[in-house]
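Asker: My questions are about this predicted structure, shown below with the sequence.
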Amino acid sequence: MFDYAPAPESVRPDIKEHYGLFIGGEFTDAADGAVFKSVNPSNEEVLFTVAEAGEADVAAAVAAARQAHETVWGPMSGAERGKYLFRIARLLQEKAREFAVAETLDNGKPIKETRDFDVPTAAQHFFYHAGWADKLSYAGVGANPKSLGVIGQVIPWNFPLLMLSWKIAPALACGNTVVLKPAETTPLTALMFAELCQEADLPPGVVNILPGAGAAGAAVVNSPVDKVAFTGSTAVGRAIAGAVAGSKKKVTLELGGKAANIVFDDAPIDQAVEGIVNGIFFNQGHVCCAGSRLLVQESIADEVLARLKDRIATLRVGDPLDKNTDVGAINSAEQLARITALTEAGEGEGAEVWQPSCDLPETGFWFRPTIFTGVQQSMRIAKEEIFGPVLSVLTFRTPDEAIAKANNTPYGLSAGVWTEKGSKILWAAQRLRAGVVWANTFNQFDAASPFGGLKESGYGREGGRQGLEAYLDV
C-alpha cells in the first residue's frame, strides 16, 4: 500500500456561530428560546448552535407555507416555478465546494464523497425536476394534475443535503410548498440551503426549515399538512404510518434495509470486490440500501474473501477533510454505540470477526471496517440493520438458495447481483423482493430513476417520473 501525504481540503465555509429557524423566508429564534449544539463527529468540537423547533414554530411554518401555496406558488405557472428550481440548481453548483466541506464537517463523511457524489447529485435533482415543472400533464399520472398543498418532510442524517433535494425538488416542481425538518445531528447544509433560497429570491414561505429533535418531527407529521414524506428508520416510519392512518394525508416512506449483494461463481471477481467495498463502506455504511449481507457462492468464497480482505486493508480511515480518506467518522456517539453493540452480539453468537490493522484518531467517533464470516441467518448481524461499516458474509451453493437467503428478511429496499451472464441477472432480478436491483455495480443513483422499497423498507418512489405522483392530486 502506498503512503499518502495528507491532502486536507483548503476551502472553509462561512459557518455562523448561531442559526435560527427558517420560517416565511426569514431566520428566527424558536418561540420558547430552545437551542441545541451541532458537533463535528470527527473531533467532537461544537460547530455552532441552532434554534430548536417546537410545536408553536411548526404551526407558524405550516401557516407560512399554506399562505405561500395559496397566494404565490400554487397559482404560479409551471414554467415560472421551473425557473426558480433551475436557479437553485445553478447556485448549488456555484457553491458546491462550500456545501461539500460543510457536509463533511457536520456529518463526518469523507470530502471526496460529498464533493463527488452528494452535492452534484443534489444539484442534479433540482435540474431534473425543474424540467418537469411545466410538463406535469405529460407525466402519465393524469390529464390535469394539481398540487397537494403543504408538504411535511422529515429527513435523516446520513445524506442531509441529498435527502433534502430528493424531497424538496419534486415537491416544488409540482407546485407544493414545504416544511422540512432536518436531522438533529446534521442541520448545517439545510440551513445553508435556506440561505441559498433567499439568494435565489424564492418567495417567502415556499420552503421552511425547522431543525429539531424527534419531537419536532412528530409535530410536523401531526400538523395540518397535506402529505408527509419521511426517510429514516423502519420503527419511526411505522409510527408515522399509524399517526396519519385515517386522515387524508398522502404518505411516502423510505425506510431501512438489509440488502443482499449476491456474487455468483462466474462473476468478475476483481470488479465484484470493488462493488462489495462500495456497497458496504461507502459513507461508513450509513446507507439504507447498503449491501450489508454478502452472499457468495461456495466454490469461490475463499478467493473472494482473500481478495476482499486485501482490498479492505488498503482503505484509509481518518480525517474526513483529507482527500485521501476512504472511511470517515461515525455520525454520532449514539450510532457508534449501536454499531459496537451489534458487533459484540455477532461475536457472542459465534460469528468470526475480522478487521484491518489501522490507527484510529484519538477524538471523535470511529469504527474500523469489519467483516463477519461464519454468519448464520438467525444471527442479529444477519437480520438487523447495523447502519455502519460492518459486512456479514454468508455462502450458498445454488442460485435458488441464494434467492431464498436474500429474500429472508423483512426488508426489501435493494439488492446486488454479480455474474457475467445476462440471463442470470434477469432471472435473479425477477425473483428478488427488492425495490432496486443493481447488476454488476452497486449504489448507482440518478434523478431520473425512481428509488424506493418493498415490505418494511417502505412504500412510494422518489425520483423519476414515478416520484412525481406522490406530490400531485390526481
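Answerer: That came in fine, so what should we check first?
Asker: for the record, mean pLDDT for stretch 294-309?
Answerer: What stretch 294-309 shows for mean pLDDT is 98.
Asker: typo on my end, it should be stretch 86-97
Answerer: pLDDT averaged over stretch 86-97 gives 98.
Asker: can I see the domain layout of the chain?
Answerer: When the chain is parsed with automatic domain parsing, its domains come out as 18-255+457-473, 260-439.
Asker: The last one spans what distance, first to last residue?
Answerer: Domain 260-439 has an end-to-end distance of 12 Å (C-alpha to C-alpha, to the nearest Å).
Asker: Next, report how far that domain is displaced from the centre of its chain.
Answerer: In this view, domain 260-439 has its centroid 17 Å away from the chain centroid, taken as C-alpha atoms, centre = their mean, to the nearest Å.
Asker: any idea how far V221 lies from A61?
Answerer: 13 Å (C-beta to C-beta, to the nearest Å). For every residue, glycine as well, the C-beta is placed using N, CA and C.
Asker: Who has more neighbours out of the two?
Answerer: Taking other C-beta atoms under 10 Å, V221 and A61 do not tie; A61 has more neighbours (31 against 21).
Asker: got CSV for the domains of the chain, with distance to S449 too?
Answerer: Listed next are the domains of the chain as CSV, based on distance: least, C-beta to C-beta, whole Å:
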stretch, distance to S449
domain 18-255+457-473, 5
domain 260-439, 8
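Asker: mind checking which of those is nearest D446?
Answerer: Of all the domains of the chain, it is domain 18-255+457-473 that lies closest to D446, at 7.4 Å by C-beta to C-beta.
Asker: Can you measure across that closest one, start residue to end residue?
Answerer: 39 Å.
Asker: what do you get for stretch 288-296?
Answerer: 21 Å.
Asker: Likewise for stretch 150-165?
Answerer: 16 Å.
Asker: Give me the mean pLDDT for that stretch.
Answerer: On average, stretch 150-165 scores 98.
Asker: hmm, back to that, closest one to A7 among the domains of the chain?
Answerer: Among those, if distance is taken as C-beta to C-beta, the winner is domain 260-439, at 4.3 Å.
Asker: quick one: buried residues of stretch 393-401?
Answerer: The neighbour-count check on stretch 393-401 (16 or more other C-beta atoms under 10 Å) flags 393-396, 399 as buried.
Asker: Let's see which of these end up in strands.
Answerer: Mapping the buried residues of stretch 393-401 onto strands (DSSP state E) picks out 393-396.
Asker: Now distance to S147 and pLDDT too, for those, in JSON lines please.
Answerer: As requested, these are exported to JSON lines (distance: C-beta to C-beta, whole Å; pLDDT from 0 to 100):
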{"residue": "V393", "distance to S147": "48", "pLDDT": "98"}
{"residue": "L394", "distance to S147": "46", "pLDDT": "98"}
{"residue": "T395", "distance to S147": "51", "pLDDT": "98"}
{"residue": "F396", "distance to S147": "48", "pLDDT": "98"}
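Asker: farthest-separated two in these?
Answerer: Once C-beta to C-beta is applied, these give V393 and F396 as the farthest pair, at 11.1 Å.
Asker: which stretches of the stretch 201-350 of the chain aren't confidently modelled?
Answerer: The stretch 201-350 of the chain contains no residues with pLDDT under 70.
Asker: can you give me the helices in it?
Answerer: Using DSSP state H, counting those that start in this stretch, the helices found in the stretch 201-350 of the chain span residues 214-222, 234-244, 269-281, 298-312, 333-348.
Asker: so which of those helices comes closest to E420?
Answerer: helix 269-281 (9.8 Å).
Asker: Take the buried residues of stretch 393-401 and write them to JSON lines, including distance to A143.
Answerer: Shown next, in JSON lines, are the buried residues of stretch 393-401 (distance: C-beta to C-beta, whole Å):
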{"residue": "V393", "distance to A143": "51"}
{"residue": "L394", "distance to A143": "49"}
{"residue": "T395", "distance to A143": "53"}
{"residue": "F396", "distance to A143": "49"}
{"residue": "P399", "distance to A143": "45"}
